[in-house]
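*Asks:* Take a look and give me a structure for this.
(chains A and B)
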Number of protein chains: 2
Amino acid sequence: MPEKRPVRLSPDERRAQLVAIGVDMLADCSLDELSTDDVARRAGISRGLLFHYFDSKRDFYRCVVRQECDDFAAATEPDPSLEPVPWLRAFIAGFAAYVTEHRKVYLALVRGASGSHPAVEDIVESTRATLARRAEEGQRRLGMPDSPRLLAAARAWMAFAEEAVINWPPDGPDAPAELGAFLESSFIRLLGALDRPAVLPG
Amino acid sequence: MPEKRPVRLSPDERRAQLVAIGVDMLADCSLDELSTDDVARRAGISRGLLFHYFDSKRDFYRCVVRQECDDFAAATEPDPSLEPVPWLRAFIAGFAAYVTEHRKVYLALVRGASGSHPAVEDIVESTRATLARRAEEGQRRLGMPDSPRLLAAARAWMAFAEEAVINWPPDGPDAPAELGAFLESSFIRLLGALDRPAVLPG
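*Replies:* You can find the predicted model right below:
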């Protein structure tokens, strides 16, 4: 059997490889459980060499989470040249697909942000803010009435959408389309009439 | 100076006192940081005696979180004899007041449930389910149209409401009333028309 020889990578490639392994492993463990020993082993390098590329465990964790969050932000960014309605639909579809596919990482990192991983809280919070600004942008593109509460409402709608995607029953081939329609309706109803209250009967 | 003498309490009283101290301390630390040494000290008993009342640290944590969750459920339970509209308003006001007052505990426990504290996950999840059933009950009491997606929508609305309360700017004496009206409007819009989609212009 030939001896396992580490593949020769440039520093940037090696760094990207280690981060990608971390992102991949995060699907099956929490950030606290992510072992740099295991990451190094999977890359075929020593743990010492891993710390040649990252200052500390915390630095490595932050790079992994930043990568995950950058991927999430990219997946939910529609083509800016789209018309308002297709733009909104692309945003919603991108969001639903990403959260569905990365369900476990999403639950551990984004939703469970508060109180859980102080080392990455700022990165996750800034990603939440990016998503809320995107919902705001969709609202504006559609020409819906403005409100001093738009940002709070956009953030709350993101929480609504995240909970809906996480709990949506995966029953049948129409589930993703039905979920998309449900989120779109909620967007219109919640962010489309912020200038006036809804009235209850009685 | 007279020697500090532990107050004589019945086992049930002592147990309740220790849990109450734990709940109180949880406002300023995470569950993992909650020290049974500190709890015992504040109660004026030894750490050993604390473990006479609780099987383990985990058991104590679970009792503390169950108490917090029971308080939350009680604070959001309207008088069942109320008419539908006052019932909904009592539910929303109770929810908003509790989350506002227990903001830090709420963030650490309820919102950050997934991935953070496996020891209490089932208690928190069952509380989330109770709240969602309450939102469902409000929807039914108001005679709003039924939908196979009502439960998913009710859970998502609870996430919306929680995010809105957490981010609501505390500006001026009208903030709580304005928040209540905002949540009520969102409830009507989101859960009041689940039988039909909202339509976008264009």
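
*Asks:* contacting residues for the most centrally placed residue in chain A?
*Replies:* Residue closest to the average C-alpha location in chain A (Cα atoms, centre = their mean): residue A:72, at 3.7 Å. When contacts are counted by Cβ atoms under 8 Å, 6 or more residues apart in numbering or on different chains, residue A:72 touches A:98, A:102, A:106, A:110, A:127, A:131. C-beta here means a position set from N, CA and C on the backbone, and glycine is covered the same way.

*Asks:* Which helix or strand contains the first one?
*Replies:* For residue A:98, the element it lies in under DSSP states H and E is helix A:84-101.

*Asks:* That helix near chain B anywhere?
*Replies:* Yes: Helix A:84-101 lies within reach of chain B by Cβ under 8 Å from any Cβ of the partner chain, at A:84-85, A:88.

*Asks:* Please point out which parts of that helix sit buried.
*Replies:* For helix A:84-101, the neighbour count (16 or more other Cβ atoms under 10 Å in any protein chain shown) marks A:84, A:87-100 as buried.

*Asks:* could I have stretch A:117-135 exported to CSV, CA atoms only?
*Replies:* Output in CSV follows, covering the C-alpha atoms of stretch A:117-135 (Å, rounded to 0.1, in the frame of the first residue of the first chain):
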residue,chain,number,x,y,z
HIS,A,117,-22.0,30.6,20.6
PRO,A,118,-20.6,33.9,21.8
ALA,A,119,-17.6,33.4,19.5
VAL,A,120,-19.7,33.8,16.4
GLU,A,121,-22.7,35.9,17.6
ASP,A,122,-21.7,39.0,15.7
ILE,A,123,-21.3,37.1,12.4
VAL,A,124,-24.7,35.5,12.7
GLU,A,125,-26.4,38.7,13.8
SER,A,126,-24.9,40.6,10.8
THR,A,127,-26.3,37.9,8.6
ARG,A,128,-29.8,38.2,10.2
ALA,A,129,-29.6,41.9,9.5
THR,A,130,-28.6,41.3,5.9
LEU,A,131,-31.6,39.1,5.4
ALA,A,132,-33.9,41.6,7.0
ARG,A,133,-32.6,44.3,4.8
ARG,A,134,-33.3,42.1,1.8
ALA,A,135,-36.9,41.6,2.9
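
*Asks:* confidence score at residue A:107?
*Replies:* Residue A:107 is assigned a predicted lDDT (pLDDT) of 77.

*Asks:* What is the neighbour count of it?
*Replies:* Around residue A:107 there are 17 other residues, counting by other Cβ atoms under 10 Å in any protein chain shown.

*Asks:* same question, residue A:66
*Replies:* Neighbour number of residue A:66 under other Cβ under 10 Å is 17.

*Asks:* just residue A:181 next, same as before
*Replies:* With neighbours defined by other Cβ under 10 Å, the count for residue A:181 comes to 15.

*Asks:* ok, of the contacts of residue A:72, which come out buried?
*Replies:* Buried members of these, counted by 16+ other Cβ under 10 Å: A:98, A:102, A:106, A:110, A:127, A:131.

*Asks:* confidence score at the fourth one?
*Replies:* According to the predicted model, the pLDDT of residue A:110 comes to 62.

*Asks:* helices or strands next to the helix-or-strand element of chain A with minimal mean pLDDT in the packing?
*Replies:* When the helices and strands of chain A are scored by mean pLDDT, DSSP states H and E, helix A:103-106 comes last with a mean of 82. Other helices and strands packing on helix A:103-106, by 3 or more Cβ pairs under 8 Å, 6 or more residues apart in numbering or on different chains; DSSP states H and E, are helix A:150-167.

*Asks:* For the longest helix anywhere in chain A, which outside residues touch it?
*Replies:* Taking DSSP state H as the criterion, chain A has its longest helix at helix A:121-141. The contact list for helix A:121-141 (Cβ under 8 Å, 6+ apart) reads A:62, A:65-66, A:69, A:72-73, A:76-77, A:84, A:87-88, A:91, A:95, A:109-110, A:113-114, A:117, A:146, A:150-151, A:154-155, A:157-158, A:187, A:191-192.

*Asks:* Select only the buried ones of those in PyMOL?
*Replies:* Buried members of those can be picked out in PyMOL with the line below, counting by 16+ other Cβ under 10 Å:
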select buried, chain A and resi 62+65+66+69+72+73+76+84+87+88+91+95+109+110+113+114+117+150+151+154+155+157+158+187+191+192
